[in-house]
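Enquirer: Need coordinates for the following:
(chains A and B)
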2 protein chains.
Amino acid sequence: MAKYNLLAEQIKEQIGRGVWMDGEKLPSLRKQAEQSGYSLMTVLHAYQMLESQGVIRSLERSGYIVTLPSKPSSKQLVQTTDAVSVNDFVFEVLQASRDTRMFSLGFAYPDPSLYPRQHLNKSLISAAKQISLTSALDNLPPGNPELRQLIAKRYAARGVNISPDEIVITAGALEALSLSLQACTKPGDWVVLESPTFYGAMQAMQRLGLKAITVTVSPTSGIDLAALERAFQSHPVKACWLMSSFQNPLGYCLTDDKKRSIAALLQKYSVALIEDDVYAELYADSPPLPVKAFMPQGNSMLCASFSKSLVAGFRIGWVAAGTRALDVQKQQVMSTLATSAPIQLSLVDYLSTKNYELHLKQLRKQLRQRKHDMYLFWQELLADVARVHMHEGGYFLWVECATHVDSMDIYREALRLNITIAPGKLFCLTDEFNHCFRINGSFELNQPRRHQLRKLAEFIRQCSRKSAS
Amino acid sequence: MAKYNLLAEQIKEQIGRGVWMDGEKLPSLRKQAEQSGYSLMTVLHAYQMLESQGVIRSLERSGYIVTLPSKPSSKQLVQTTDAVSVNDFVFEVLQASRDTRMFSLGFAYPDPSLYPRQHLNKSLISAAKQISLTSALDNLPPGNPELRQLIAKRYAARGVNISPDEIVITAGALEALSLSLQACTKPGDWVVLESPTFYGAMQAMQRLGLKAITVTVSPTSGIDLAALERAFQSHPVKACWLMSSFQNPLGYCLTDDKKRSIAALLQKYSVALIEDDVYAELYADSPPLPVKAFMPQGNSMLCASFSKSLVAGFRIGWVAAGTRALDVQKQQVMSTLATSAPIQLSLVDYLSTKNYELHLKQLRKQLRQRKHDMYLFWQELLADVARVHMHEGGYFLWVECATHVDSMDIYREALRLNITIAPGKLFCLTDEFNHCFRINGSFELNQPRRHQLRKLAEFIRQCSRKSAS
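Expert: The predicted structure is shown next:
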């Protein structure tokens, strides 16, 4: 093949792969020659050949533009797969939530329109102006010292004694949880999980080669303490991963008495606590205490983030890891090295103002109102065929259908109606909660959405009747 | 204990833990009462008690400030430990490099003063202004579509065909490498590593329960192809992790012929390639091709980042993962979820200008000059007792002492002189390179630094003589 032919084929392949889009300008003859190492004449021949094939078009005195139709947008409504693995399924639900045409009730984050975007952007701009030669170094693990102190102060205001020195800044709570788990276990160790639980916990077990024992959590009374103790007695459990406040997916918040009892059990059986506390700021009346507050000297790692209460896309969280702080840092240095310096600086700027408190006050009020509206709406639609659980705090509702109903059917029908829900299968290693699903109560119910949901509710009623007969 | 006593103790503990620093104002009486749930009178008593103990001081009409001396700064010169684990040791070296008083020749990043801080800050500001409601969603895995296209265009300019669709944006190359490894292996699998190699590769083996076979790499000829094939023949190798251009720590760049041969071997034995290509932009004359370029349809994951060529603290990298792109995304969703949206947007802004090319041209020139100066200086000091290896491209020098010299001794003496080096032990699972160390040639040699280095060189000369006798 002639040289110009080779080059033309290469450029066509690039266009096919989306490197150059329809309407975009190709590099000039001179630049292409420089980059490719071919002569100007070869490049000219290649461009002329592409032009004769209708792939590019020459513009008078200003080069060549691509005229092949663009690849279809990769944004499309989700395709359901027959995926059986939780991992694939979680990924599918996440991809579905990206589509802005979807009514994302399966989404784990609050409605992004509730975030204080303008104030945060200002803080980011102010951080960008402050970045210095040593910013990258100052923000290495354990993370920005001012940010760690600001977080410790927020705990102090809630009566929880956390030292800035035990805090490690991470890429969201997900990294905090994963690093904490790695800091206190090795492959093959036993870990207690709640059931149902945040799917990230189950994924982490699988990824790190850990063995899970699950303890059932009730949507009306929370974790079963006797079952928890039996788990500790029957297996050499290394760690216990749980959410004591506004549990995902149930929304339940344990009483202080129950939290105190869990702390005592953990200490009695020398089990490390990994506490996922990402919804703590979203209380209704008064701030909940974490279990860690009841075991001040204990082996406990309290993980949280700003993703649910302030901003989703910054990817910033932390763990108050006590004596494990150094172990967590070492794990981080091995996997992602550090959290982005400008992002840490922007949060220092934002948290130094009163804006966060003002925002949270408003957010708590809005979530409470919206969740209540959502609850009443679903109650009205489903009261006779399902139980809708709502608790104060957070923004999740947990819908419990008759046991013969498969929420995967509901999930698929919902997708057809451009709605996502989070089916029970996402939160459990067994089929135990297949008749349940989680919905996100942070979204506003307008007329079109009510209409969509009524259709879905009708389907749920059919499922309930059908299988019952 | 009286209530005010309890509260006073709690505040004292907070001060001790660094939540409140010397000179900082405590919450007002009213706010403290509100937060703690105690009465105003109790809070007043507690504050008065702390004042009488000299812990805080009241300011006329403006509250109370802490008067206990601050905790000593946590910034201190590194303490060497007897750490035997590579993980602990890597962490120690990293902590040492944070200290700006150190001459960080052990540092893996180029001198931060070579980064185009002002232009980048402008791009960050411009990104902050653009952040929208859907930014967080648009930047979920695989990452910002424009950023992926801009990266693909840079490859196209080097004659490497990479589709934007196979690129996944990550938190630096470290996350890219780790996710790639997880995408193509399970615990217990065999992986080929170079020796010496980037310590992150060894850490990843340990963390993921993988088995490593090492293939020796020479500072003058690169990887041994026959040994590589023997490794593939003798073990069921799943993946091969290597650096083909400006290898860390040796600095060696393989010829295209050798890269082509490696590609052929990988395909012959169906081994996945994980290619660490973070120094590729720092070439001297012409851009090197990755091994991936020689196996276009192959099972290969090309990992890179902006950390070495543009900015260290943003934590942004990528992997061109071919058919593994979806697997890599699934791994990411489980561990860190996504890369920070504002950071991705800032890079879109920056890469859309000509600034990156202009910066790189200058950076390549500066690195070449500085590395050459550093080389000449070490040559002059050590030519008769050690071999200093320098290659075109990148900024590392590899110093090979007499085999009886222990570079850990040199490392400790260097620390005493406020210098860091990267001893051979960091790059190898055995003692094979204990007589070698890596130095970073990107720093400028001024008089005080030359003076420091002369002292270190004198020590190295002593070690060489002593053990030889």
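
Enquirer: all contacts plus neighbour counts: C-alpha atoms, from now on.
Expert: Fine.

Enquirer: can you map out the helices along the stretch 51-200 of chain A?
Expert: A:86-98, A:117-130, A:135-138, A:145-157, A:172-184, A:199-207 (DSSP state H, counting those that start in this stretch).

Enquirer: Give the other helices and strands that the first one contacts.
Expert: To tie it back to what came earlier, the one meant is helix A:86-98. helix A:199-207, strand A:419-420, helix B:325-335 (3 or more C-alpha pairs under 8 Å, 6 or more residues apart in numbering or on different chains; DSSP states H and E).

Enquirer: Save the ones you listed as a markdown table, and put in mean neighbour count too.
Expert: Conversion of the helices and strands packed on helix A:86-98 to a markdown table gives the following (neighbours: other C-alpha atoms under 10 Å in any protein chain shown):
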| stretch | mean neighbour count |
| --- | --- |
| helix A:199-207 | 20 |
| strand A:419-420 | 24 |
| helix B:325-335 | 22 |
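
Enquirer: Any idea which of these gets closest to A:T336?
Expert: helix B:325-335 (10.0 Å; C-alpha to C-alpha).

Enquirer: And the contacts of that closest one?
Expert: Residues from elsewhere that reach helix B:325-335 (C-alpha atoms under 8 Å, 6 or more residues apart in numbering or on different chains): A:87-88, A:91, A:174-175, A:178, A:200, A:203-204, B:141-142, B:165-168, B:179-180, B:182-183, B:321, B:338.

Enquirer: Just the closest residue of the stretch 51-200 of chain A to chain B, please.
Expert: Nearest residue of the stretch 51-200 of chain A to chain B: A:A136, at 4.2 Å (C-alpha to the nearest C-alpha).

Enquirer: how about the closest residue to that residue other than its chain neighbours, secondary structure?
Expert: With C-alpha to C-alpha, 6 or more residues apart in numbering or on different chains as the criterion, A:A136 has its nearest non-adjacent residue at 4.2 Å, and that residue is B:G313. Three-state call for B:G313 (DSSP: H, G, I helix; E, B strand; the rest coil): coil.

Enquirer: residues touching B:G313, list them.
Expert: Shown in contact with B:G313 (C-alpha under 8 Å, 6+ apart): A:S135, A:A136, A:L137, A:N139, A:T339, A:S340, A:A341, A:P342, B:S307.

Enquirer: top of those residues by neighbour count?
Expert: A:T339 (32 neighbours; other C-alpha atoms under 10 Å in any protein chain shown).

Enquirer: is it true that that residue touches A:V168?
Expert: No. Look at A:T339 against A:V168 with C-alpha atoms under 8 Å: they stay out of range, at 9.9 Å.

Enquirer: Now the common contact residues for those two.
Expert: Joint contacts of A:T339 and A:V168 (C-alpha under 8 Å, 6+ apart) are A:P141, A:G143.

Enquirer: and the lengthiest helix in chain A, what other elements does it pack with?
Expert: Scanning chain A for the longest helix, with DSSP state H as the assignment, gives helix A:355-382. In this structure, helix A:355-382 makes packing contacts with strand A:386-389, strand A:396-401, helix A:447-468, judged by 3+ C-alpha pairs under 8 Å, 6+ apart.

Enquirer: which parts of that helix are buried?
Expert: Residues of helix A:355-382 classed as buried by neighbour count (16 or more other C-alpha atoms under 10 Å in any protein chain shown): A:356, A:359-360, A:363-364, A:366-375, A:377-379, A:381-382.

Enquirer: From the chain's centre, how far out is that helix? Work that out for me.
Expert: The chain centre lies 20 Å from the centre of helix A:355-382; the measure is C-alpha atoms, centre = their mean, to the nearest Å.

Enquirer: What angle do helix A:447-468 and that helix make with each other?
Expert: Calculated by axes from the mean of the first three to the mean of the last three C-alpha atoms, to 10 degrees, helix A:355-382 forms an angle of 50 degrees with helix A:447-468.

Enquirer: neighbours of A:R450, just the number please.
Expert: 15.

Enquirer: relative to helix A:199-207, how tilted is the helix or strand of chain A with the lowest mean pLDDT?
Expert: Least confident element among the helices and strands of chain A, by mean pLDDT, DSSP states H and E: helix A:86-98 (a mean of 75). Angle of helix A:86-98 versus helix A:199-207, following the same axes, to 10 degrees, is 140 degrees.

Enquirer: tilt between helix A:86-98 and helix B:325-335?
Expert: 90 degrees.

Enquirer: Show me how chain A divides into domains.
Expert: A:3-66, A:85-111+A:358-468, A:116-356 (automatic domain parsing).

Enquirer: Give me the distance between the last one and the centre of its chain.
Expert: Distance of domain A:116-356 from its chain centroid, counting by C-alpha atoms, centre = their mean, is 14 Å.

Enquirer: Show the end-to-end separation of it, please.
Expert: 9 Å (C-alpha to C-alpha, to the nearest Å).
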